[in-house]
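Trainee: Need coordinates for the below:
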Amino acid sequence: MLTGRGAEQHVDGTDTVSAAISLALALGLPGAHRGGYGALTGQGNGQGGREHGQKADQLPGYRSIEDPADRAHVAAVWGVDPELLPRSGVPAVQLLSSLGTESGPRGLFVHGSNVVVSAPRAGGVRDRLASLDLLVVCDVVPSETALLADYVLPVTQWAEEEGTMTSLEGRVLRRRRHVDPPAHVRDELWIWSELARRLDAPGTWSTDASLVFDELARASAGGRADYAGLSHARLDTGEALHWPCPDPDHPGTPRLFTDRFATPSGRARMVPVRPVGPDDDVHAEAPLHLVTGRLLAHYQSGAQTRRVPALCDAAGGPHVELHPSLAARLGLDGAELVRVTSARGSMVAPARITRDVRPDTVFVPFHFAGDSLVNALTNDATDPVSGMPEFKVCAVRVERVADDAGPSAARVLQEVES
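Mentor: A predicted model of the protein is given here:
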């Protein structure tokens, strides 16, 4: 059983995933050959990043930043006092909404994220970024967020770096440099090392990817995502290695849960759940559901793929997908611009009539900016457990744009292409 990110991106997303896990358990899938449950991440190394601290409450190896034993272990690897480690930070949506406020950060360091396009309630995010004293963005392209920055640091991209990635099945894959970066471009290990040095941070800060990986292996040792037995050198031999891999002689674990689960009894636990429904449900003024998602030709906020002519030829601009019966009710024939409006904002794009959506739902891809920025409409209400925002559903109304009102289709497409 596989789910995409949409299963999680609701205010009851944790319950949805728990229900899917319970169903997988009832069917006997976990631990079975070619069986199990997994969530497909939205980015290439989403799995590996989450395993090693890309959340504000984690330390490497899925360790908790609040657990005294976990803090002591990681602090010893890093050669620092455990008291110097921070406590849990705030989830991303809460962080973005606090920027520039009296109790929030006055500066933000953004690494390869285009939050003014990809964050929910994006208009509010742009306002919060504008209120900062300092915005620094590290990126390889001039994204919409980078164009707002006080300073942009050009950094290496994936083909210019050494490192690893982790697949959905827990296999750790070596990533090797294929091309040299342009002159004056730095990788992010160098940026972090220099920032640490200039702030007199304790510990050592290597810029050698293999040594950083060795440090990660030590920090994750004994954790749920245990990389202790892995290294660049071992991966370079061609072994197919999956975590947990607790020592250099261990063959790795290509299949989890064959004998027991990570509970005191060794048995799995099913979690009872109940449906909650959307935070922003349909009503008389907004009678339709808005669903957002991806197009095959584009990636994430489109900051990279909208710069590739072949991809723009395949999917050159935004659109609003409507069912034929909804289009008939609105008097649309598929050649018009429509405005989609929620309680948070509106966007304009050409209509596209298709039976691929339900009559009570419209679909808009989230890769585009400007007047077609659909995340200006999405809801920043979050799941109380995961902190995930409710990207995938909100209440909207759809109306035809008058011939003499709003941007023309040519202007919308021109803005996308630019």
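Trainee: Doesn't Val291 lie inside a strand?
Mentor: Yes - the assignment for Val291 is a strand, going by DSSP: H, G, I helix; E, B strand; the rest coil.
Trainee: give me every residue that touches it.
Mentor: Residues counted as contacts of Val291 (C-beta atoms under 8 Å, 6 or more residues apart in numbering) are Val357, Thr361, Val362, Phe363, Val364, Lys392, Val393. Using the backbone N, CA and C atoms, a C-beta is placed for each residue, glycine as well.
Trainee: List just the nearest of these to Thr166.
Mentor: Nearest to Thr166 among those: Lys392, at 25.2 Å, using C-beta to C-beta.
Trainee: Could you double-check that the closest one sits in contact with His289?
Mentor: No - with contacts counted by C-beta atoms under 8 Å, Lys392 stays clear of His289, the gap being 9.4 Å.
Trainee: list the buried ones in the lengthiest helix in the chain?
Mentor: Identified as the longest helix of the chain according to DSSP state H is helix 13-26. Neighbour counts over helix 13-26 (16 or more other C-beta atoms under 10 Å) mark Gly13, Thr14, Asp15, Thr16, Val17, Ser18, Ala19, Ala20, Ile21, Ser22, Ala24, Leu25 as buried.
Trainee: Give me the sheet partners of the helix or strand following that helix and which way each runs.
Mentor: Using DSSP states H and E, the helix or strand that follows helix 13-26 towards the C-terminus is strand 38-39. With DSSP bridges as the test, strand 38-39 is paired with strand 2-3 (parallel).
Trainee: So for the partner strand, mean pLDDT?
Mentor: Averaging pLDDT along strand 2-3 gives 91.
Trainee: hmm, who's touching that strand?
Mentor: So strand 2-3 is contacted by Val17, Ala20, Tyr37, Gly38, Ala39, Leu40 (C-beta under 8 Å, 6+ apart).
Trainee: Closest one to Asp67 out of these, please.
Mentor: Val17 (22.9 Å).
Trainee: wait, what's in contact with the closest one?
Mentor: Contacts for Val17 (C-beta under 8 Å, 6+ apart) come out as Thr3, Ala7, Glu8, Ala39.
Trainee: Phe368 too?
Mentor: Going by C-beta under 8 Å, 6+ apart, Phe368 touches Val117, Gly302, Arg306, Gly317, Pro318, Ala349, Val374, Val416.
Trainee: which other helices and strands contact the helix or strand encompassing the first one?
Mentor: With elements taken from DSSP H and E, the one containing Val117 is helix 115-118. On a contact count with 3 or more C-beta pairs under 8 Å, 6 or more residues apart in numbering; DSSP states H and E, helix 115-118 meets helix 122-130.
Trainee: I'd like to check the angle between the helix or strand that the helix it packs on is followed by and helix 122-130, please.
Mentor: Going down the chain from helix 122-130, the next helix or strand is strand 134-139, by DSSP H and E. With axes from the mean of the first three to the mean of the last three C-alpha atoms, to 10 degrees applied, the angle from strand 134-139 to helix 122-130 works out at 120 degrees.
Trainee: Give me the phi and psi angles of Arg177.
Mentor: phi -60, psi 130 (degrees, to the nearest 10).
Trainee: for the contacts of Val291, which one is nearest Thr341?
Mentor: Thr341 lies nearest to Val362 out of these, by C-beta to C-beta, at 11.3 Å.
Trainee: how distant is the strand or helix carrying the closest one from the center of its chain?
Mentor: According to DSSP H and E, Val362 maps onto strand 361-365. The offset between the C-alpha centroid of strand 361-365 and the centroid of the whole chain comes to 20 Å, using C-alpha atoms, centre = their mean, to the nearest Å.
Trainee: what's it in contact with?
Mentor: With C-beta under 8 Å, 6+ apart, strand 361-365 has contacts from 288-295, 298, 315, 318-323, 326, 340, 347, 349, 356-357, 372, 374, 396, 398.
Trainee: pull the CA atoms of it into CSV?
Mentor: Extracted in CSV, the C-alpha atoms of strand 361-365 (Å, rounded to 0.1, in the frame of the first residue of the first chain):
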residue,chain,number,x,y,z
THR,A,361,-14.4,19.8,-7.0
VAL,A,362,-11.9,21.9,-9.0
PHE,A,363,-8.3,21.0,-9.3
VAL,A,364,-5.4,23.5,-9.7
PRO,A,365,-1.7,22.6,-10.0
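Trainee: pLDDT (mean, whole number) over that strand?
Mentor: The pLDDT scores in strand 361-365 average 97.
Trainee: Stretch 9-18 too?
Mentor: Averaged across stretch 9-18, pLDDT comes to 95.
Trainee: go on, stretch 90-104?
Mentor: Averaging pLDDT along stretch 90-104 gives 94.
Trainee: Give the buried residues for it.
Mentor: Buried, per 16+ other C-beta under 10 Å, within stretch 90-104: Pro91, Ala92, Val93, Leu95, Leu96, Ser97, Leu99, Gly100, Gly104.
Trainee: end-to-end on it?
Mentor: 11 Å (C-alpha to C-alpha, to the nearest Å).
Trainee: gap between it and the chain center?
Mentor: With C-alpha atoms, centre = their mean as the basis, the mean position of stretch 90-104 lies at 18 Å from the chain mean.
Trainee: do the same with stretch 56-67
Mentor: 18 Å.
Trainee: now stretch 364-381
Mentor: With C-alpha atoms, centre = their mean, you get 15 Å for stretch 364-381.
Trainee: okay, how far is it across it, tip to tip?
Mentor: Stretch 364-381 end-to-end distance (C-alpha to C-alpha) = 19 Å.
Trainee: Please list the outside residues in contact with stretch 61-71.
Mentor: Residues from elsewhere that reach stretch 61-71, judged by C-beta under 8 Å, 6+ apart: 51-52, 56-59, 73-74, 82, 85-88, 219-227.
Trainee: let's see it at 10 Å
Mentor: With contacts defined as C-beta atoms under 10 Å, 6 or more residues apart in numbering, stretch 61-71 is touched by 50-53, 55-60, 73-74, 82-89, 216-228, 243-244.
Trainee: just the buried members of the residues you listed?
Mentor: Applying 16+ other C-beta under 10 Å to the contacts of stretch 61-71, the neighbour count classes 51-53, 55-56, 58-60, 73-74, 216-221, 223, 225-228, 243-244 as buried.
Trainee: Can you verify my assumption that Asp399 contacts Val338?
Mentor: Careful, residue 399 is Glu and not Asp. Yes - under the criterion of C-beta atoms under 10 Å, Glu399 makes contact with Val338 at 6.6 Å.
Trainee: Who has more neighbours out of the two?
Mentor: Neighbours per residue, other C-beta atoms under 10 Å: of Glu399 and Val338, the larger number sits with Val338, 22 against 13.
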